[in-house]
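Chemist: just a sequence and a predicted model for now, questions to come.
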Amino acid sequence: MTKVSLLRGRHGQQFLRYFQTFHLLMSGITMGLVLVLVGPTLLDLADILQVSVRQITFVSFGCDLGAFIGSALALVIYKYVSAQKVLISSVLLIGISNILIPNAGSPTTMAALTFCVGMSVGVVEIGAYIWIIGLWPDNVAPITQMLHLAYGIGAFMSPLIAEPYLRHHEEDPDSLVFNSTEANKTEFLNDFLDGEFDNSSYVDYPPSLATESRVYIPYALIGAFALFNAGSILVSYCLDSRDIKPEEPAEEERAARKPTSKAFQWSLVSLVGFYIMVLVVLEVTVGKFLATYVVQHFGLDRSIGAYLVSLFYIGFTSGRVVAVPLSLKFTPMQMMNAAQALLMASAVCLTVLDTNVNVLWICFFTLGLSMAPMFGCCTAWLSAHVTLSHDFMSVIMTIATFGAIGPPLFVGSFIESHPYVLTYFILLAAVCVLVTAWSMGFVALIYHKRTYRRCPVDTNEELHKLSEA
């Protein structure tokens, strides 16, 4: 273990803990920046490669596939390699790949680079989560909320960084080819049921009205930030090379815990994993395709799309800030129910009133606001019924990242010809969130009712507490 002599005392160790926390939160910002950047720049990347929106969607699909594979491999990697070494190399790869993405030259190369970014993010997310809990074992809830908040900050900053360098167009409505009508909606639903899709309906801008894209600049800026982040972790490794992980509970503590059915544990873990997966589907759908939806469906400038994506993540970040004090007064299930009601209302309004541009600004903000506390709340709810372990968390995160694969296939394939598929998909996801939450509560209630029938104690009060947890 290598340490500077001045950092061996109590104050030195405190400095190291805060410094390591700082660069882990910086890693959260890095993940938010790189993952969201693809959405506002999707059309510009298509222009650079001279491919259709549908084709560039499959290129960006490499990032989602990489995140899933990275999350699945992370548990094995961290068993054999120091977490600090893994994070240094992964964040370094994120930075280099991100800089090279707009300069890829071919769809295959760009897909490989986005895959590297996604896989590295999947590895970094789990490593940062484990490391920061190891640093703050007595303050797990606040510090993990801060890590999620850091991601939200990066997510809403990313579109703002990209916007000045997007390809802009002068307003000339007569020159636009725009065929998003109510008749097309009916045609889309019929085509969807028949399994046939038409990609002839899209918004096109004449070359004379288009400015040159400089999208390589935000990719370079965010890539440079990732490289700086990797450098800070390297400095931390030079000061303290320990592999910091959460400590295992003592033997007495494990013996004091009540035994729980394995089937019940895995049922709840699977349901919570599916719940978070649907939330990931929602976030990826909005983050990647909202900007394209605004251009294709309303014929608005790409800057408006970038601002809307940023507004969504402002609501997302604000919701996480508000969730911290609210969690002290309300149970996780109460907060989940309130958030789900707002999510459903936003989704219905977007679907019914999707011809009104003003509705977008309100509903996508409330959509982000409603989604913000759900991850933390469902994890806290699960911990009241199941003793969480690294195995459970890795399964949950693997299921969750699997959800990122869906939107490019089911939304990206049709967003160019039938942009309103975005709002239908959001509504479907909102319904899935609601049904999954009810299933979680139902499974927990049935199990605890059966369990307490066998216990010779007064169970009414205990069962009431569990139902409200």
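Modeler: Right, received. Where do you want to start?

Chemist: from here on, contacts and neighbour counts on C-alpha atoms
Modeler: Will do.

Chemist: OK, contacts around residue 74?
Modeler: Neighbouring residues of residue 74 by CA atoms under 8 Å, 6 or more residues apart in numbering: 122-123, 126-127.

Chemist: now, which of those sits nearest residue 270?
Modeler: Among the contacts of residue 74, residue 126 lies closest to residue 270 (CA to CA), at 18.0 Å.

Chemist: packing partners for the host helix or strand of the closest one?
Modeler: Using DSSP states H and E, residue 126 sits within helix 107-135. Contact partners of helix 107-135 among helices and strands, from 3 or more CA pairs under 8 Å, 6 or more residues apart in numbering; DSSP states H and E: helix 10-37, helix 53-80, helix 83-100, helix 140-162.

Chemist: ok, which stretches of the stretch 301-450 of the chain are helices?
Modeler: Along the stretch 301-450 of the chain, counting by DSSP state H, counting those that start in this stretch, helices occupy 302-326, 332-352, 357-371, 374-383, 390-402, 406-410, 421-453.

Chemist: how close does residue 426 sit to residue 335?
Modeler: Distance, residue 426 to residue 335, by CA to CA, to the nearest Å: 21 Å.

Chemist: okay, these two: which has more neighbours?
Modeler: residue 426 (25 against 19; other CA atoms under 10 Å).

Chemist: my read: that one touches residue 282, true?
Modeler: Yes - between residue 426 and residue 282 there is a contact at 6.4 Å, judged by CA atoms under 8 Å.

Chemist: circling back: which one of the contacts of residue 74 is nearest to residue 76?
Modeler: Looking across the contacts of residue 74 and measuring by CA to CA, the closest to residue 76 is residue 123, at 10.4 Å.

Chemist: neighbours around the closest one, how many?
Modeler: 27.

Chemist: oh, and call the first residue 17 from now on, that's how I've got it
Modeler: Sure thing, new numbering starts at 17, so read that last one as residue 139.

Chemist: quick check: angle from the helix or strand hosting residue 297 to helix 373-387?
Modeler: Per DSSP H and E: residue 297 is located in helix 278-314. For helix 278-314 against helix 373-387, the angle by axes from the mean of the first three to the mean of the last three CA atoms, to 10 degrees is 160 degrees.

Chemist: for helix 278-314, what is the average pLDDT?
Modeler: Averaging pLDDT along helix 278-314 gives 87.

Chemist: packing partners of it?
Modeler: So helix 278-314, by 3+ CA pairs under 8 Å, 6+ apart, packs with helix 58-65, helix 318-342, helix 390-399, helix 406-418, helix 422-426, helix 437-469.

Chemist: so what touches stretch 302-311?
Modeler: 52, 54-56, 58-59, 219, 316-318, 320-322, 324-325, 427-428, 431-432, 435-436, 438.

Chemist: for ChimeraX, write the select line for the buried members of those.
Modeler: The buried residues among the contacts of stretch 302-311 can be selected in ChimeraX (16 or more other CA atoms under 10 Å) with this line:
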select :52,54,55,56,58,59,219,316,317,318,321,322,324,325,427,428,431,432,435,436,438
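
Chemist: low-confidence stretches in the stretch 317-466 of the chain?
Modeler: The stretch 317-466 of the chain contains residues with pLDDT under 70 at 403-407, 464-466.

Chemist: and stretch 163-182, which residues are buried?
Modeler: For stretch 163-182, by 16+ other CA under 10 Å, it's 163-182.

Chemist: before we move on, what about stretch 239-249?
Modeler: So, applying 16+ other CA under 10 Å, buried residues of stretch 239-249: 239-249.

Chemist: which of those residues fall in helices?
Modeler: 239-249 (DSSP state H).

Chemist: which residues does residue 144 contact?
Modeler: Contacts of residue 144 (CA under 8 Å, 6+ apart): 40, 43, 103.

Chemist: how about the helices and strands packed on helix 278-314 in TSV, adding distance to residue 304?
Modeler: As requested, these are exported to TSV (distance: least, CA to CA, whole Å):
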stretch	distance to residue 304
helix 58-65	8
helix 318-342	9
helix 390-399	20
helix 406-418	15
helix 422-426	9
helix 437-469	11
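
Chemist: figure out which of the ones you listed is closest to residue 85.
Modeler: That would be helix 406-418 among the helices and strands packed on helix 278-314, by CA to CA, at 8.2 Å.

Chemist: thanks again, I'm all set now.
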